[in-house]
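>>> Sequence and predicted structure are below.
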Amino acid sequence: MSPNLTLVVATGALFIAGVYLLLERSLTRVLIGFILISNGVNLLFLIASGRAGGPPLIGEAEPAEMSDPLPQALILTAIVITLALTAFVLAMAYRSWQLHGHDEVQDDLEDRRIVRLAAKNSPSFTDLDADEVTESIDEQAAEARDETQRSDS
């Protein structure tokens, strides 16, 4: 049994587009990427299930000609999980839109500090912040560039 090439290409395209969208900062694009990947997984389950057969009921078809009901159950379960996660991410994006006027996820100050230490090739087990007498985290937050705010000046 060989799978349909069109379905395999469609599955690959869904995965590629979904992963690309998952790497974005906008929660809306992340949501669309997740939905594309979940549809790709459902299509992959469909491809892996093999050819269509008779209903899996005793007496309706020969046991060798029956289709396997497990992939159908897995697809149904994946649809339910996708629906729940979609509702959750939509709620997060809506709340972010209410609070900030956008749905973009920003860098955390701790992440920026870790990147700075990695650029210096500093060991991670020493606390260099305790030795430095530069500025506090509140001062760094005030100076941090917010990429989502518009600069009208």
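Received the coordinates, thanks.

>>> Make sure residue 45 is actually in contact with residue 76.
No - look at residue 45 against residue 76 with CB atoms under 8 Å: they stay out of range, at 9.9 Å. The C-beta positions use only the backbone N, C-alpha and C, and glycine is treated the same way.

>>> more neighbours, these two?
residue 45 (19 against 12; other CB atoms under 10 Å).

>>> In the helix or strand containing the more buried one, which residues are buried?
Following DSSP states H and E, one finds residue 45 within helix 27-48. Judged by neighbour count using 16 or more other CB atoms under 10 Å, the buried positions of helix 27-48 are 27-46.

>>> what about it, average pLDDT?
With pLDDT averaged residue by residue, helix 27-48 scores 93.

>>> Just the C-alpha atoms of that helix, please, in CSV.
Taking C-alpha atoms only, helix 27-48 is exported to CSV below (Å, rounded to 0.1, in the frame of the first residue of the first chain):
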residue,chain,number,x,y,z
LEU,A,27,-0.5,35.3,19.3
THR,A,28,-3.0,35.4,16.4
ARG,A,29,-0.3,34.0,14.1
VAL,A,30,0.8,31.5,16.7
LEU,A,31,-2.8,30.3,16.9
ILE,A,32,-3.2,29.9,13.2
GLY,A,33,0.2,28.0,13.1
PHE,A,34,-1.0,25.7,15.8
ILE,A,35,-4.3,25.0,13.9
LEU,A,36,-2.4,24.3,10.7
ILE,A,37,-0.1,21.9,12.5
SER,A,38,-3.0,20.1,14.1
ASN,A,39,-4.7,19.8,10.8
GLY,A,40,-1.5,18.4,9.4
VAL,A,41,-1.4,15.8,12.2
ASN,A,42,-5.0,14.8,11.5
LEU,A,43,-4.1,14.4,7.8
LEU,A,44,-1.1,12.3,8.8
PHE,A,45,-3.3,10.0,10.9
LEU,A,46,-5.6,9.7,7.9
ILE,A,47,-2.7,8.8,5.7
ALA,A,48,-1.3,6.3,8.2
